[in-house]
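**Student:** Just to be clear, the model below is a prediction. Sequence and coordinates:
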Amino acid sequence: MSPWTDITRTLRPGMIHWPTDRGFQLNRVEAWSGPGTFNLSEIRTSVHVGTHIDAPRHFTRDGAAIADLPLSRLCGPATVVDFPERRHVTAADLEAGQIPPGDRILLKTTNSRLWDLPAFDERYVGLMLDAARWLVDRSTPLVGTDYLSVEPYDSPGQPVHQLLLGAGVILVESLQLDAVTPGRYELIALPLKIEGADGSPARVIVRPWGCAG
């Protein structure tokens, strides 16, 4: 059995997406009908659909685009921290998480339950601004969350995004963490290499830290 766990949400038409973004669409352009024919599909979507990565350019004028992100920040040790209460995550919560310095941080929250609902739910759990400052102060390379945004809904000026992306902290949103136990892991998070883009869908996997093979 593979030690890797896929924490990527499967892209599919009709999946929950940010209310003002284009949802995921898969269109069949050609259909197999016998020998010599083939299937061919095209997609139309926001780059911030499903499990995706925000590059600094998402909220900064001249920040790094998705194709410019270094693999050293996207891959490496990560700590999954569980927050079982339905409330926004604070700096004190992160401080209590016993997170090794330099680790990427994946936030497992009650948001996993929201994916079973038929529509976007603005009551999802996000990061408070003091938590974002905590991450920046500790030079956190990457933070991941289990809903469509790391920031609480209807946050004027998007200060959490502004602070994190402005400091070069990479954001991974809409992770599937409900079956992942808290602990330390090796993380691989790879976006599509799209020139100039502010984000991209990604395939994200983890395995227990120190697991070989």
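**Tutor:** Nice, thanks for sending it over. Numbering: from 1, shown residues only.

**Student:** Please enumerate the helices of the protein.
**Tutor:** Along the chain, counting by DSSP state H, helices occupy 71-74, 91-95, 129-137, 159-166.

**Student:** tell me the contacts of the residue lying farthest from the centre of the chain?
**Tutor:** Centroid-distance maximum for the chain: residue 35 at 40.8 Å, with Cα atoms, centre = their mean. Residues near residue 35 by Cβ atoms under 8 Å, 6 or more residues apart in numbering: none. Heads up, the C-betas are built off the backbone N, CA and C, glycines and all.

**Student:** closest to residue 210 out of the helices of the chain?
**Tutor:** Nearest to residue 210, of all the helices of the chain, is helix 71-74, at 19.0 Å by Cβ to Cβ.

**Student:** Give the buried residues for the closest one.
**Tutor:** By neighbour count on 16 or more other Cβ atoms under 10 Å, the buried set for helix 71-74 is 73, 74.

**Student:** hmm, back to that, export the helices of the chain as TSV, with columns for mean pLDDT and distance to residue 119.
**Tutor:** Converted to TSV, the helices of the chain look like this (pLDDT from 0 to 100; distance: least, Cβ to Cβ, whole Å):
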stretch	mean pLDDT	distance to residue 119
helix 71-74	96	31
helix 91-95	96	28
helix 129-137	98	27
helix 159-166	97	23
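
**Student:** export those to TSV and tack on distance to residue 104?
**Tutor:** Listed next are these as TSV, based on distance: least, Cβ to Cβ, whole Å:
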stretch	distance to residue 104
helix 71-74	8
helix 91-95	13
helix 129-137	10
helix 159-166	13
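
**Student:** Most tightly packed of the ones you listed?
**Tutor:** Of the helices of the chain, the one with the most neighbours on average (mean count of other Cβ atoms under 10 Å) is helix 159-166, at a mean of 20.
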